[in-house]
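> quick one, what's the 3D model for this:
(one chain, ligands or ions: 1)
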Amino acid sequence: MSKSKHYTGLIERYRDRLPVSATTRIISLNEGNTPLIQLQNIPRLLGKAVNIYVKFEGLNPTGSFKDRGMTMAVTKAVEAGSKAIICASTGNTSASAAAYAARAGIKAFVIIPEGKIALGKLAQTLMYDATIIQIKGNFDKGMALVKEVADHAPVTIVNSINPFRIDGQKTAAFEIIDDLGDAPDYHCLPVGNAGNITAYWKGYNEYTTSTDSHPAVTSKRPVMCGYQAAGAAPFLAGKMIDNPETIATAIRIGHPQSWDKAWSAQKESGGWFDKFSDDEILAAQKMLSQYEGIFCEPASATSLAGACHDIRSGKIPEGSTIVCTLTGVGLKDPDTAIKQCVDSQPLTIEAELTAVKKAILDTM
Ligand SMILES: *Cc1c(COP(=O)(O)O)cnc(C)c1O
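I've put the predicted structure just below:
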């Protein structure tokens with residue numbers, strides 16, 4: 001163990017709970033260690049005595065939680081001698097894969113749905129210099145293609161069907177317990193492919209299990225609440241759907257890859273799935289920015305939309321501690337943010353003192 005206090009990423013921090021050895025070359029951008037921020041104004045607006053925390057995963061190196069899984073997936077790909085990785089992506093996986101491939105000095109191929117990638121994610125992936133393959137089809141079609149091509153070309157898949165992704169991502173649950181001193185009562189998160197809900201559930205379980213090398217950290221596990229966009233809600237339909245639609249492009253997925261594992265998380269935790277309209281999702285995104293100063297991308301706000309709905313209805317009772325994962329940062333999707341704020345466009349005035357003074361006094 002290094003004596004340095006300098007944080008060097010989640011593999012180093014949780015090395016004894018991850019499948020790496022002393023000789024593994026770690027590919028890291030110091031991901032993880034994201035802030036758990038307690039909301040101060042939204043509980044008051046709800047009029048409910050609840051402790052809501054957000055796990056701001058948008059503060060990872062490429063701006064989403066995908067980095068937690070990618071540090072593990074790329075570390076293991078390189079360890080196995082792989083020279084190239086591939087993924088299908090709604091945007092964040094491609095940005096993350098491209099960054100970690102650059103760091104490792106290997107090649108990244110990313111398959112994205114044409115025209116359905118948020119601007120920030122595309123900009124990142126271009127800058128990290130991945131080979132971008134746009135398809136005339138949605139994420140689910142891209143995912144099917146990736147699985148096929150990996151059988152025919154020397155590339156490692158780094159989508160969340162790669163088990164090392166789940167192992168990296170489970171560390172977010174460890175961090176939450178380490179920060180709070182125990183598991184929360186409820187954990188709320190957006191669900192697309194359902195890799196993340198699977199990973200959190202795995203992490204929470206591992207902290208309640210004692211092994212030869214680890215005593216159990218806690219006996220408590222949270223209730224898992226998975227929220228989807230109304231137009232892309234296969235877990236609510238009870239079956240895969242073919243033409244998912246939502247403004248929250250990161251969860252515009254109709255064929256979730258971790259279907260069975262997500263159902264297990266729901267059942268074993270006594271949790272539930274629910275769905276919210278694009279308007280409800282965007283309202284939650286705006287509320288979080290406006291009342292707490294925290295800007296996440298639309299898909300991420302689905303967790304807060306769901307939590308607020310279930311707190312209001314009493315399904316999540318007063319006195320509860322709730323953690324909402326904010327999966328990605330708001331700057332990923334500037335277009336949606338600006339379109340949403342048409343009523344508060346900048347004032348344009350003459351560049352003189354009286355005009356500025358008038359503008360201020362008119363608005364106060
Ligand atoms: C990938 C992603 C999700 C969905 O996570 P899954 O593991 O696919 O359920 C949600 N929000 C953002 C911002 C994402 O990038």
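
> rest of the way, CA atoms for contacts and neighbours
OK.

> can I see the domain layout of the protein?
The domain map for the chain lists 10-63+165-340, 66-161, with the assignment taken from automatic domain parsing.

> okay if I get those as CSV plus distance to Glu352, mean pLDDT and mean neighbour count?
CSV is the format used below for the domains of the chain (distance: least, C-alpha to C-alpha, whole Å; pLDDT from 0 to 100; neighbours: other C-alpha atoms under 10 Å):
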stretch, distance to Glu352, mean pLDDT, mean neighbour count
domain 10-63+165-340, 27, 97, 20
domain 66-161, 35, 96, 21
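
> select, out of the ones you listed, the one closest to the ligand.
Proximity of the domains of the chain to the ligand was assessed by C-alpha to the nearest ligand atom; the nearest stretch is domain 10-63+165-340, lying at 3.3 Å.

> ok, that closest one near the ligand or not?
Yes. Applying C-alpha under 6 Å from any ligand atom, one finds that domain 10-63+165-340 is in contact with the ligand at 190-196, 250-251, 299-300, 327-328.

> adding distance to Thr354, write the domains of the chain out as a markdown table.
Putting the domains of the chain into a markdown table (distance: least, C-alpha to C-alpha, whole Å) gives the following:
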| stretch | distance to Thr354 |
| --- | --- |
| domain 10-63+165-340 | 28 |
| domain 66-161 | 38 |
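
> which helices and strands sit right next to the helix or strand containing Ile133?
For Ile133, the enclosing helix or strand under DSSP states H and E is strand 131-135. Counting contacts by 3 or more C-alpha pairs under 8 Å, 6 or more residues apart in numbering; DSSP states H and E, the secondary-structure elements packed against strand 131-135 are strand 107-113.

> what's the strand it packs on packed up against?
With contacts taken as 3+ C-alpha pairs under 8 Å, 6+ apart, strand 107-113 sits against strand 84-88, helix 92-104, strand 131-135, helix 139-149.

> could those go into JSON lines alongside distance to Glu31?
What follows is the helices and strands packed on strand 107-113, written out as JSON lines (distance: least, C-alpha to C-alpha, whole Å):
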{"stretch": "strand 84-88", "distance to Glu31": "19"}
{"stretch": "helix 92-104", "distance to Glu31": "11"}
{"stretch": "strand 131-135", "distance to Glu31": "23"}
{"stretch": "helix 139-149", "distance to Glu31": "25"}
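
> which of the ones you listed sits closest to Gly181?
helix 92-104 (30.0 Å; C-alpha to C-alpha).

> ok, that closest one near the ligand or not?
Yes. Taking C-alpha under 6 Å from any ligand atom as the criterion, helix 92-104 and the ligand are in contact, through Asn92.

> how far out from the middle of the chain is that helix?
15 Å (C-alpha atoms, centre = their mean, to the nearest Å).

> residues in contact with stretch 211-221?
By C-alpha atoms under 8 Å, 6 or more residues apart in numbering, the surrounding residues in contact with stretch 211-221 are Asp182, Ala183, Pro184, Asp185, Tyr204, Asn205, Glu206, Tyr207, Thr208, Thr209, Ser210, Ser269.

> nope, stretch 63-73 is what I meant
Where contact means C-alpha under 8 Å, 6+ apart, the residues beyond stretch 63-73 that reach it are 10-11, 26-29, 31-32, 57-58, 60-61, 92-93, 96-97, 100, 158, 160, 162, 164-169, 171, 327-329, 332.

> and for stretch 340-357?
Residues from elsewhere that reach stretch 340-357 (C-alpha under 8 Å, 6+ apart): Leu282.

> could I get the CA-only coordinates of that stretch as CSV?
Extracted in CSV, the C-alpha atoms of stretch 340-357 (Å, rounded to 0.1, in the frame of the first residue of the first chain):
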residue,chain,number,x,y,z
GLN,A,340,-35.6,24.2,-21.6
CYS,A,341,-34.9,27.8,-20.5
VAL,A,342,-36.5,29.7,-23.4
ASP,A,343,-38.4,31.8,-20.8
SER,A,344,-35.3,33.0,-19.1
GLN,A,345,-33.1,34.0,-22.1
PRO,A,346,-30.4,36.7,-21.3
LEU,A,347,-31.5,40.3,-21.2
THR,A,348,-29.8,42.4,-23.9
ILE,A,349,-29.2,46.1,-23.0
GLU,A,350,-27.0,49.0,-23.9
ALA,A,351,-23.5,48.9,-22.4
GLU,A,352,-24.0,51.7,-19.9
LEU,A,353,-24.5,52.1,-16.2
THR,A,354,-28.0,53.4,-16.2
ALA,A,355,-29.2,50.5,-18.3
VAL,A,356,-27.5,47.9,-16.1
LYS,A,357,-28.9,49.6,-13.0
